[in-house]
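Engineer: Attaching a predicted model along with its sequence, questions to come.
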Amino acid sequence: MSSSRVCVGAVAGAYGVRGEVRLKSFCADPRAIATYGPLQAEDGREFKITLGAQVAQGFAARLSGVLTKEQADALRGTRLYAERDQLPGLPDDEYYHADLLGLEVFDTGGQPLGRVKAVLNHGASDLLELVVPGRSGAILLPFTQAIVPTVDLAARRIIADPPEGLIE
C-alpha cells in the first residue's frame, strides 16, 4: 500500500440481505469517511460510499458494485484507504496513525526503546505498541503529551519518557 494513502475505515461485514455493509470509520468525524472517496481496498478495488443509518460500531453503508449479501460478506475485514491529499490537514500536535508506524522510539537519554508496530485505541486514549528487539511480547506505551513529548516525523523518531517500571 502506498504511503500516499491512509486507512480511514474497514468493512465489518454484511448488514441485512440487500448488499449493504457495516462500515467502521476511523475518522475523527466518522461521517467524513463518505467525503474522501472513492476509497480503495488493498487489492486496488475502488468503492464509492453512501452512508445509511448509524448502527453499532459504525454505519450501514452501500459500496458501489456490492449488490448482494454474499458480496458484502466477502468484504468482511477489508480495509479502506483514502488518498492523503483528500484528508484534512492536522495541527502540529496531531498525527495520522499511518505516519507513526515504523518510527523508532528513544527515551529522553537517547537509549532505543523499540519501534512502533501499531497504534491502538481501546476507548480512553491511544497506545503505541512497541516491538523491542530481544524481547518477547510488545510494550504498550500511552500516547500522551506527558509520556511522548516529541514526535519528529522528519527524523522518523519519537522521544518518550515512560513511567518508571513500564520498560524493564
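Structural biologist: Arrived safely.

Engineer: how is the chain carved up into domains?
Structural biologist: 5-86, 97-160 (automatic domain parsing).

Engineer: how about low-confidence regions in the chain?
Structural biologist: When residues are selected by pLDDT under 70, those of the chain lie in 1-3, 123, 168.

Engineer: Which parts of it are helices?
Structural biologist: Ranges of helices within the chain are 69-74, 97-100, based on DSSP state H.

Engineer: Columns distance to residue 153 and mean neighbour count on top of these, output as CSV?
Structural biologist: Heads up, the C-betas are built off the backbone N, CA and C, glycines and all. Listed next are the helices of the chain as CSV, based on distance: least, CB to CB, whole Å; neighbours: other CB atoms under 10 Å:
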stretch, distance to residue 153, mean neighbour count
helix 69-74, 36, 16
helix 97-100, 6, 17
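
Engineer: and of the ones you listed, who's closest to residue 30?
Structural biologist: helix 97-100 (15.4 Å; CB to CB).

Engineer: thinking again about what came up before, tabulate the domains of the chain (TSV), appending distance to residue 166.
Structural biologist: Shown next, in TSV, are the domains of the chain (distance: least, CB to CB, whole Å):
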stretch	distance to residue 166
domain 5-86	26
domain 97-160	7
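
Engineer: Next one: the closest residue to residue 151 other than its chain neighbours from residue 103, what distance?
Structural biologist: Among residues not flanking residue 151 along the chain, residue 158 sits closest, at 5.3 Å (CB to CB, 6 or more residues apart in numbering). Noted for residue 158: a distance of 5 Å to residue 103, by CB to CB, to the nearest Å.

Engineer: go on, residue 118?
Structural biologist: Distance from residue 118 to residue 103, by CB to CB: 12 Å.
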